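Undergrad: pasting the structure only:
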């Protein structure tokens, strides 16, 4: 099978627009969480905080007249892809464009546009509904708009598997290249669900943190005082190429994508298996796919959402798979959701891009707000401050409602 390499990344996150700015702020432990500003909010909402993307100008990436046709998640994805393609310096022939695919995972789609439409329908009637409504909100339109914007004519797919959506998209794009179906794939994720329905729905499940008076301290994975995740938004895109194609064009290879696995808990719509067996199987299978022993992984960017059950289930899985390598402190595990919040369908792609940066920059971002770690957690969670470390192999975990689990393995590129 073809080896798969990463030649470009793009990130639009609550801590910065751009991969370098986002990673710098993550390393410095800067939080992107604050009071919700995207819609009017009051005391009726139990959770009034989120990790919103700031200082983002969509007109830099899409024509102004086109913006009325799309929901917020789509310009995020177009922007992240623009950045990734620019870094990859990918100059495609017309013939090559026929086979370049776009796999972009989206969990919720254009939630805010659906809300606006519902109000319009109720108060003004069906005659006032925008003809752009459906194309603006369906989940596949991140991939669709990216394909259109950049004239990429291979398969265009939206992987929708809750918080594993974009990790699935990356893993499946990897398979397309490995099996010779494509030489280049654009893979990533996008999400923008900081809207009344999204916040209310997650709050009704008691999934969100209610630490409204201290938003920057609200997301606290593995801390004994954690009380739920913080909803985030953004997008991440990776340019994947076969090693043959990348070397033939003299590309700057950022890292290698070596392993991918997906499993299901087959257990519950929202609760993970307490011992994390589904997550453990995903990690074990991803390691086998990469041809690596657990002791070879230097760092895991954990799913680590800051929920009471999920955090412990993941750490039990990590301990089960990595054993003494984890509990001795040789393996570092951190959650960048402590700073960016939970980007839902976009989380896997953004966190995979974080792993690419960690490999390149030889540094590991911290888990902030980890003031008092759960006694059961015996792993080094890189509390409070980022650290320098030369990394060879890293893992990115993404788990979602419905019991879906994905693990990706990324490695320093060695010819």
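TA: Looks like it came in fine. Computed from a predicted structure; not experimentally measured.

Undergrad: quick one, helices of the stretch 51-200 of the chain?
TA: Under the criterion DSSP state H, counting those that start in this stretch, the stretch 51-200 of the chain contains helices at 73-88, 94-97, 111-124, 133-137, 141-150, 165-178, 196-204.

Undergrad: need these in a markdown table with mean neighbour count, can you?
TA: (Each C-beta comes from the backbone N, C-alpha and C, glycine too.) Below are the helices of the stretch 51-200 of the chain laid out as a markdown table (neighbours: other Cβ atoms under 10 Å):
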| stretch | mean neighbour count |
| --- | --- |
| helix 73-88 | 27 |
| helix 94-97 | 12 |
| helix 111-124 | 15 |
| helix 133-137 | 19 |
| helix 141-150 | 24 |
| helix 165-178 | 27 |
| helix 196-204 | 17 |
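
Undergrad: okay, the ones you listed in CSV with distance to residue 270 and mean pLDDT next?
TA: Below are those laid out as CSV (distance: least, Cβ to Cβ, whole Å; pLDDT from 0 to 100):
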stretch, distance to residue 270, mean pLDDT
helix 73-88, 22, 98
helix 94-97, 41, 94
helix 111-124, 18, 91
helix 133-137, 24, 91
helix 141-150, 25, 97
helix 165-178, 16, 98
helix 196-204, 11, 96
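
Undergrad: out of those helices, which comes closest to residue 357?
TA: helix 73-88 (11.5 Å; Cβ to Cβ).

Undergrad: angle of the closest one against helix 165-178?
TA: Computed by axes from the mean of the first three to the mean of the last three Cα atoms, to 10 degrees, the angle separating helix 73-88 from helix 165-178 equals 40 degrees.

Undergrad: summarise which helices and strands helix 73-88 is packed against.
TA: With contacts defined as 3 or more Cβ pairs under 8 Å, 6 or more residues apart in numbering; DSSP states H and E, the packing partners of helix 73-88 are strand 4-13, helix 141-150, strand 184-192, strand 233-242.

Undergrad: so it versus helix 111-124, what angle?
TA: 150 degrees.

Undergrad: quick one: helix 73-88 to chain centroid distance?
TA: Its chain's average C-alpha position is 14 Å from that of helix 73-88, according to Cα atoms, centre = their mean, to the nearest Å.

Undergrad: give me the pLDDT value at residue 68.
TA: pLDDT recorded at residue 68 is 89.

Undergrad: who's in contact with the residue nearest to it when sequence neighbours are not counted?
TA: Once flanking residues are discounted, residue 68 sits nearest to residue 132: 6.5 Å by Cβ to Cβ, 6 or more residues apart in numbering. Counting by Cβ atoms under 8 Å, 6 or more residues apart in numbering, residue 132 touches 68, 69, 70.

Undergrad: how about 10 Å then?
TA: Residues in contact with residue 132, defined by Cβ atoms under 10 Å, 6 or more residues apart in numbering, are 66, 68, 69, 70, 71, 113.

Undergrad: which of those residues ranks first by neighbour count?
TA: Among the contacts of residue 132, the one with the most neighbours (other Cβ atoms under 10 Å) is residue 71, at 27 neighbours.

Undergrad: and it, its phi and psi?
TA: phi -90, psi 170 (degrees, to the nearest 10).

Undergrad: cool, and residue 392?
TA: Per degrees, to the nearest 10, the backbone of residue 392 is at phi -110, psi -50.

Undergrad: burial of it, as a residue count?
TA: Residue 392: 13 neighbours (other Cβ under 10 Å).

Undergrad: same question for residue 214.
TA: By other Cβ under 10 Å, neighbour count at residue 214 equals 12.

Undergrad: quick check: closest non-adjacent residue to residue 83.
TA: Spatial nearest neighbour of residue 83, excluding adjacent residues (Cβ to Cβ, 6+ apart): residue 10 at 3.1 Å.

Undergrad: that older thread, nearest to residue 394, out of the helices and strands packed on helix 73-88?
TA: Using Cβ to Cβ, the helices and strands packed on helix 73-88 put strand 4-13 closest to residue 394, at 12.1 Å.

Undergrad: run the chain-centre distance for that closest one.
TA: That offset, for strand 4-13, works out to 12 Å (Cα atoms, centre = their mean).

Undergrad: for the helix or strand following it, which strands pair with it and how are they oriented?
TA: Per DSSP states H and E, the first helix or strand lying C-terminal to strand 4-13 is strand 16-17. Strand 16-17 pairs in its sheet with strand 4-13 (antiparallel), by DSSP bridges.

Undergrad: what angle separates the strand it pairs with from strand 184-192?
TA: Going by the same axes, to 10 degrees, strand 4-13 makes 20 degrees with strand 184-192.

Undergrad: now strand 4-13: average pLDDT?
TA: The model assigns strand 4-13 a mean pLDDT of 98.
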